[in-house]
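Trainee: Pasting a predicted model and its sequence here:
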Amino acid sequence: MAADLAALRRDRAKASARMSELVAAARSRSMTDDETRDFEAASAEVTRLDGEISAAEGKNTVDASTTISRADAGEIARLCAAGGVPGMTATLLTEGVSVDDAKKRIAAAGEATNLVALARRKDASIPEDLGAKMLAEGKTVEDIRAALFDKLVAAENETSISSHVPADGKKTSDGKPVDLVADMKRRHGVKD
């Protein structure tokens, strides 16, 4: 039974990967008829396998609320490709989200990607996929913005430079004190 379930999940992953592959191939253009046909077949396969996996796990089969029309599936695929997140296609279709919900989630993914790209310009140690991971965890764009802000502030605190004497009077460096008057005279060629 466990082997059958593993095989079903493996087949579902292959069908889902095929859907993402087709969307990525048609990223800057409309899908051809053959690609659309292949995409719809893969989508139907994912739905069928979801039902079999649910049945194998002893759960209720996928109900009608998680299925979407082919026209909506095509629209979601086009939106994902246009939004630069073709990998989201399979997830959105599997979840059976509406076109409006898909638009919102695609926009959030795009905004998260932009926020991470801006933050990476300041701190390259921030992972490129941080936004995608946080969205997958159910975080909002505001959560991502706050996390990025915290990371940038932490990086700034590590590299801050202070030119004043701390309030506690302790030296922060081992450098010699500078005689500012003598330094200014030297710089401007003033003789004593």
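Mentor: Yep, it's here.
Trainee: ok, which stretches of the protein are helices?
Mentor: 2-25, 33-56, 70-82, 88-95, 99-122, 130-136, 141-159, 180-188 (DSSP state H).
Trainee: ranking the ones you listed by burial, who's on top?
Mentor: Counting by mean count of other Cβ atoms under 10 Å, helix 88-95 has the highest mean neighbour count of the helices of the chain, with a mean of 21. For glycine as for every other residue, the C-beta is placed from the backbone atoms N, C-alpha and C.
Trainee: Check which helices and strands it sits against.
Mentor: helix 2-25, helix 33-56, helix 70-82, helix 99-122 (3 or more Cβ pairs under 8 Å, 6 or more residues apart in numbering; DSSP states H and E).
Trainee: Would you reformat those as TSV and include mean pLDDT and distance to residue 190?
Mentor: As requested, those are exported to TSV (pLDDT from 0 to 100; distance: least, Cβ to Cβ, whole Å):
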stretch	mean pLDDT	distance to residue 190
helix 2-25	79	70
helix 33-56	84	80
helix 70-82	86	68
helix 99-122	89	43
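Trainee: For residue 90, which of these is the nearest?
Mentor: helix 2-25 (4.0 Å; Cβ to Cβ).
Trainee: circling back to that earlier point, just so I know, which of the helices and strands packed on helix 88-95 lies nearest residue 186?
Mentor: Per Cβ to Cβ, nearest to residue 186 of these: helix 99-122, 37.9 Å.
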